[in-house]
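Participant: return a 3D structure for these sequence lines:
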Amino acid sequence: MNDINLAPQDWQILGPFPTGTREQDFGADPLEAYGGIGHLNFCLTDTYPSELGDNGVVGWSTISTNDDGSIGPFDFPNVRWSFNQRPFGWAFNQFQLWAVGKFQIPSIRSDHHGDNSFLIPIKIQCYNIGDFYVNDRRLFGDWYNYQKSWNILHLSPGEHTIRVRVVNEIRIFGGQVPPVIGFKVAAHLLDQETKILVLKNTAIVPDIVDGRLAGEWMSLGVLNTTQDWVTVLRVEIVENNEMISASISEDWKLERNSGLVDRIAPSQQRNIKIKINITTPIRVNDEIASCHSIFFTLRITLKAGDDIISQNIDRINLKLKKQRQPFKFTFEDFDGTIQYAMLIPPNDPTMNQSKALLIGLHGAGVEADMPFWVNAIKPQQNAWGPSTKNVFSAIEHLKRVPFVYISDNNVKLLAGHSNGGQGAWFILSHHPDLFIAGAPAAGYTKIQHYVPYYWNSEFHIDPILKGILEASISEKNNDLYASNLVGISSNPNFNFIGSNTKLVLKVGIPILARTGSDDDNVPPIHSRTMIRLINEHSHNPHAAKIKEDQGKGHWFDEILGDETMQSFYDEHLLTEPTFRKNIQEFTLTLINPASFGTKNGIKIEQLEIPYRLGKIKVEIKDGPVKSVWNLHTSNIRRFSLVQEKTNSWPFFIIDGKSFFSDESSHLNFFKINNEWEISTDETWKLTERNSKDYGPASQILESPGPLQIVFGTRCSPKLLTQFLEIAQEIANSWHLYGNGDSLILTDSEFKNDISKDRYNLVLLGGPKENLVTGEVLENRPSEVKFEKDGSYKISNKHYQEKGTGILFLHPFNGQLALIIAGIDSKGLDIAAKLFPKRTGVPIPDWIIVGPEISWKGAGGLLGAGFWDNQWNYNPAIAYLS
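Facilitator: Purely as a prediction, here's the structure:
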């Protein structure tokens, strides 16, 4: 019976209605203006306004689930998709609809007799969906169809309603006309005795290479299906244990006395962090490596309530590889989670010499170990080729793999495809000193141009507020930072033909962009735009290059690995990089110091006005004794310079003021009273915003350990349940989309947790409900002032209307806290929905939601903005209605 899918077979459909990319987190549901889908009754003659339909209306229809379990595609005879698309492009066909169905929970007790107090556990998930509702509870969906997560519910026997918000997310489904979209629902009963689900398909394990583990870590997803907290007690290998051993990681053991770090909340999914070791040497010959793996059984022992339970996970697979084969290595990421990358060894037989790195970033929905991706770039003659999601952590841990020979001085070439191509543009432009060349393929300039943001909100939003929201995601606008890829050196000996203009040589990062001319996912205009911008900044029309393949689409096997790309790799991986020599002019451009590294040794630490564009333009000239660097700054408050050698600083002229120092390899400059000074004081980072806490709200996810989600307990049972449900949604969404880890704690538990000062916090509830929120705001007062009745003030504005909520960043003991509170249940729910779980959702440092956001979207916001460098309110970077 547990294998039966409880999902509805018949659905009622209402739509389509317009929606924008990433707009759904802001509500923006037109039906909310009429009471919301939960209060609308099915009627084939009822219509509702929608500019997508002829005569400006759409209505109800019905559809049945397909034989394969999918729902869709959907037919709307009164919608002319091709015609609608003509004036606005494919983004206009990004639409939303509601699908409503019923499902039955059978009674499994003979003595039930209509007693609905007996709850039955089920697991349920919707695929290619952002969120959905069972009865009145919002649950997280699986946008990318990863099939690695479940929602756990405990429902009474009888009929229940599921409402699914279906969005034609063009980034996922493509821009087909008419749109072909669908979704799936999986819902199954759980055994009453089931305490946990071990999700074997979430396992991350290293390969064994020439008898040695490529990494000392593995992880495995465990989902708590009970209504009690579950504690992990131990893990052990019960088969093949003569060869391999396993144990819970030391950091979990060290904090075991708190009783919290190894705990899994009800309905929460966490990855257990496991250290593994080979106890007996494994000999691997060519035959074994090509066709064999080592399988072992892992036993997990947990405590659920008063019960001690053990579960075996059979046939966990460690693949055997030879050293010249691509292999998977695991590593501990910056946040303590276990991640992996694929590594392609070089062809050069001199394996004991340090090599270059060719780094490949894959696209959304792609796993790094998928064969097509591993084979996308051929083994290099003299370079290791990792493919990873977490580039810098992977490189750092790669040095510890015993048979990999790289060092801090290895040259690095960065490539990527699709979302990885966008990532390559981002990393190259934000960390230009780390790479010798770049090869972004099919990478978009920025998410707002990938599928343009035609939001319903724009009909209601104040332009100033819109600008603040856009500023919160502008650090990912790759086109804005094209200057960071450029350096200029003039050659007086050459002229352009027929021109008196001196030839300008580009000495920035060599770039070769790759795209298919018929790419209908990331159209070639994105790559063309980036190349044009780089060449304009270079004042050289041929500085950066593009290879556009006629008739090719988004992916083709040669896009990163044909002779054109290999020639580019060889040119830069096999020769000494020279492009940074003889540089005479360059510019740094940024909007958030938190995500920027260095360019030619310069690191911007602070802006005068956060989230306004900051620039440093540098001109370098030869002097009689030393070179002279003339720096012109715009909106820069602090910056530093780093060099490997001391006693070799040039003369500096910063906005007209001269400096010279030979005292150290690190110089800090700061502006005070509009004058630049040299400083050796680092204590400013204790009280002022810096790269560790510069925001925006999404920086809360950069916790150095498990994200600690703390909910208040000084409240009604109903609100307590809502707090826990929000905590579960945040934790599980972060686990699904970022493979991130979270601890869910009550406020009283947190106050006794020995690790409470180490990690970032998400605090649910204001100081009235949450003891920890009160402690954090007492530790350092905030511009948000909570009143005794739960309302709050910012500047001279007092917010006390029902349906109002707030989300804001605040510093706490060297880490960040994100506080989420509401005047009432509705305000709390709306604010919590804006937790930044996906890229491209514009959430600044703080945001105030109002009761009309459900249908006005961002136009229903009552306030938003950024804190200044002292964590104060600044009207120049804020909006209050």
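
Participant: show me what contacts residue 374?
Facilitator: The neighbours of residue 374, taking Cβ atoms under 8 Å, 6 or more residues apart in numbering as the test, are 326, 342, 344, 368, 387. Using the backbone N, CA and C atoms, a C-beta is placed for each residue, glycine as well.

Participant: most widely separated two among those residues?
Facilitator: The largest separation in the contacts of residue 374, counting by Cβ to Cβ, is between 344 and 368 at 11.2 Å.

Participant: ok, the top strand by length along the chain: who's next to it in the sheet?
Facilitator: Identified as the longest strand of the chain according to DSSP state E is strand 307-321. Partner strands for strand 307-321, per DSSP bridges, with pairing direction: strand 208-209 (parallel), strand 293-304 (antiparallel).

Participant: now render the ones you listed as JSON lines, adding distance to residue 378 and mean pLDDT.
Facilitator: Output for the strands paired with strand 307-321, formatted as JSON lines (distance: least, Cβ to Cβ, whole Å; pLDDT from 0 to 100):
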{"stretch": "strand 208-209", "distance to residue 378": "19", "mean pLDDT": "89"}
{"stretch": "strand 293-304", "distance to residue 378": "25", "mean pLDDT": "89"}
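
Participant: quick revisit: quick one: which of the contacts of residue 374 is most hemmed in?
Facilitator: Comparing the contacts of residue 374 on neighbour count, residue 387 comes out first with 30 neighbours (neighbours: other Cβ atoms under 10 Å).

Participant: and the pLDDT at that residue?
Facilitator: For residue 387, the model assigns a pLDDT of 50.

Participant: what does the one 5 residues further on give?
Facilitator: Model confidence at residue 392, given as pLDDT, is 79.

Participant: doesn't it fall inside a helix?
Facilitator: Yes: the assignment for residue 392 by DSSP: H, G, I helix; E, B strand; the rest coil puts it in a helix.

Participant: coming back round to it: minimum distance to residue 529: which of the strands paired with strand 307-321 has it?
Facilitator: Closest approach to residue 529 among those (Cβ to Cβ): strand 208-209, 41.7 Å.

Participant: can you pull out the low-pLDDT segments for the stretch 101-250 of the chain?
Facilitator: 109-117, 240-242, 249-250 (pLDDT under 70).

Participant: cutoff 90 now
Facilitator: 107-118, 144, 169-177, 191-195, 209-212, 234, 236-250 (pLDDT under 90).

Participant: all strands of it, in order?
Facilitator: Ranges of strands in the stretch 101-250 of the chain, per DSSP state E, counting those that start in this stretch, are 120-127, 131-134, 137-140, 151-155, 158-167, 183-189, 196-204, 208-209, 212-213, 217-224, 230-239, 244-248.

Participant: which one of those strands is the most hemmed in?
Facilitator: Compared across those, strand 208-209 shows the largest average neighbour count, a mean of 24 (mean count of other Cβ atoms under 10 Å).

Participant: quick one, longest helix in the protein?
Facilitator: Longest helix in the chain, counting residues (DSSP state H): helix 717-738.

Participant: in that helix, what's buried?
Facilitator: For helix 717-738, the neighbour count (16 or more other Cβ atoms under 10 Å) marks 719-720, 722-738 as buried.

Participant: show me the shaky parts of the stretch 351-500 of the chain.
Facilitator: Using pLDDT under 90, the flagged stretches of the stretch 351-500 of the chain are 351-412, 434, 447-456, 487-500.

Participant: mind listing the strands for the stretch 501-650 of the chain?
Facilitator: Taking DSSP E, counting those that start in this stretch, the strands of the stretch 501-650 of the chain run over residues 502-506, 512-516, 545-549, 585-590, 602-607, 614-621, 628-634, 636-642.

Participant: that older thread, can you list the contacts of residue 374 in JSON lines and add distance to residue 125?
Facilitator: As requested, the contacts of residue 374 are exported to JSON lines (distance: Cβ to Cβ, whole Å):
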{"residue": "326", "distance to residue 125": "32"}
{"residue": "342", "distance to residue 125": "28"}
{"residue": "344", "distance to residue 125": "34"}
{"residue": "368", "distance to residue 125": "24"}
{"residue": "387", "distance to residue 125": "28"}
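
Participant: include secondary structure and distance to residue 652 when you put those into CSV, please.
Facilitator: Compiled in CSV, the contacts of residue 374 are given as follows (DSSP: H, G, I helix; E, B strand; the rest coil; distance: Cβ to Cβ, whole Å):
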residue, secondary structure, distance to residue 652
326, coil, 47
342, strand, 44
344, strand, 43
368, coil, 43
387, strand, 41
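
Participant: so which of those comes closest to residue 517?
Facilitator: Comparing the contacts of residue 374 against residue 517 with Cβ to Cβ places residue 387 closest, at 25.7 Å.
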